[in-house]
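Q: Here is my input; please provide its structure:
(chains A and B)
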Amino acid sequence: MAATVSSEHFTNLQLLLKAPSKDAVRDVCVQSHRAASRRLAEATAATLNISTAQAAQLVHSLHVLSHHVVFHSLSSPEQILALFPASFHSSLKNLITKILLENSPTWRTEAAGDHISVPQLKHVDWRVDMVTGSDSLSRMSVPTCLVQLQVDDPCPLAGGESVSTVMVELSRESLDTILDGLGRIRDQLSVVAGK
Amino acid sequence: MQQLTEFAGEHGMSAGPLRNLMKSVLLVPQGALKKNLSGEQIKDDLVTLGLNEDKATHFSQQWSEHYAALSRLAVAHTLMVNQLVDMEWKFGVTVGTSEIQKTGNIFLQLKLVVRRGNSTENIYMELTLPQFYNFLHEMERAKASMECFS
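A: Numbering: from 1, shown residues only, chains lettered A, B, ... in the order given. Model prediction:
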């Protein structure tokens, strides 16, 4: 969630001045974007030589700042620099801005792929079989298509499976109808894309 | 069933015994269909079973005429596992999420209605644009593969 970046957050960010190297700052920024975990707070406390409580607040502030940047799609250095208060240490400000700009395209793509939704299709496999006999006709030659859809549920029900596989059998008519429908979707999509 | 009852009424017989009779009679064409018998073969079978020559000839003529339609019906009755009954779709644009305020990703949602035994099951899924084109491509390849066989 994108909370607003308050001055308290920037005060916490000044703790980064204690970092031993630029890479350490980069590590903390990147890892705190994902989630503010206790383990990260402890690791940060060790690296920066500060208390765990202060480290936890720092990680949280970084998290809020990086999510703010992604939410508002801030893409130029000026936009990000404008967030910082005037009294903020200037080279730290530039470093943090650089790190945020480097990572925000990746974060944005991740966020776009990770949103709430109905189960997402992950993989499609198909096979065409020739039915040569059945209960009602002992000799026949009718092609049939089996499609296996691998579906990934990002929010499975408690105790439910995340990845489920669905097997569907299609007759030739069904496959034609599906292709009709998909063709219409494609036409409508190209109309939308053309606008 | 209704036709049988009407027939019974017209000819002054009761429907119950007629129904049982018809069930036994239908075994002959069903067996013939299963074994893909030709008109000639079915005529011979009927004569062996005791039907007189004219009626057997008439039946075998009708059989030859309607054989194609009967086969098609038999194929339709063939077992299908998880048969796809219906597909519904909608697509739209994601305008924003809690993580990104302004976005413009196109999504497509499909609902597949699949027959499982006697009831149907709905399967919902969402596809991104590249996944949709991939799915379309795969289905076209499947269709091309099927066409090879006809």
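Q: what's the helix or strand for the residue nearest the centre of chain A?
A: The centre of chain A sits closest to A:Glu110, judged by CA atoms, centre = their mean, with a distance of 2.7 Å. Element membership for A:Glu110 (DSSP states H and E) is helix A:90-113.
Q: average model confidence for the next helix or strand after that helix?
A: Later in the chain than helix A:90-113, the nearest helix or strand by DSSP H and E is strand A:120-131. Strand A:120-131 shows a mean pLDDT of 90.
Q: centre of the chain versus strand A:120-131, how much separation?
A: Offset of strand A:120-131 from its chain centre (CA atoms, centre = their mean, to the nearest Å): 27 Å.
Q: ok, the helix or strand that comes right after that strand: who's next to it in the sheet?
A: For strand A:120-131, the following helix or strand on the C-terminal side (DSSP H and E) is strand A:142-152. Under the criterion DSSP bridges, strand A:142-152 sits next to strand A:120-131 (antiparallel), strand A:163-170 (antiparallel) in its sheet.
Q: Distance to B:Ala74 and mean neighbour count added to the ones you listed, as TSV?
A: To be clear about C-beta, it is placed using only N, CA and C from the backbone, and glycine gets the same treatment. Shown next, in TSV, are the strands paired with strand A:142-152 (distance: least, CB to CB, whole Å; neighbours: other CB atoms under 10 Å in any protein chain shown):
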stretch	distance to B:Ala74	mean neighbour count
strand A:120-131	12	16
strand A:163-170	17	17
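Q: got CSV for those strands, with distance to B:Asn20 too?
A: Below are the strands paired with strand A:142-152 laid out as CSV (distance: least, CB to CB, whole Å):
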stretch, distance to B:Asn20
strand A:120-131, 33
strand A:163-170, 36
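Q: A:Val70 reaches B:Ile100, doesn't it?
A: Yes. Using CB atoms under 8 Å, A:Val70 is in contact with B:Ile100, at 6.2 Å.
Q: Report the set of residues contacting both of the two.
A: Counting by CB atoms under 8 Å, 6 or more residues apart in numbering or on different chains, the contacts common to A:Val70 and B:Ile100 are A:Arg108, A:Ala111.
Q: Comparing the two, which shows the higher neighbour count?
A: Using other CB atoms under 10 Å in any protein chain shown as the criterion, A:Val70 and B:Ile100 rank with A:Val70 on top: 25 against 20.
Q: Does anything pack onto the one helix or strand that one maps to? Which helices or strands?
A: Using DSSP H and E, A:Val70 maps to helix A:52-71. Counting contacts by 3 or more CB pairs under 8 Å, 6 or more residues apart in numbering or on different chains; DSSP states H and E, helix A:52-71 packs against helix A:7-13, helix A:22-34, helix A:38-48, helix A:90-113.
Q: pLDDT-wise, which helix or strand of chain B ranks last?
A: Across the helices and strands of chain B, the lowest-confidence element by mean pLDDT, DSSP states H and E is helix B:2-10, at a mean of 77.
Q: Now do the buried residues in the next helix or strand after that helix.
A: Where DSSP H and E defines the elements, the next helix or strand beyond helix B:2-10 is helix B:15-34. Buried residues in helix B:15-34, counted by 16 or more other CB atoms under 10 Å in any protein chain shown: B:Val28, B:Pro29, B:Ala32, B:Leu33, B:Lys34.
Q: Lovely, talk soon.
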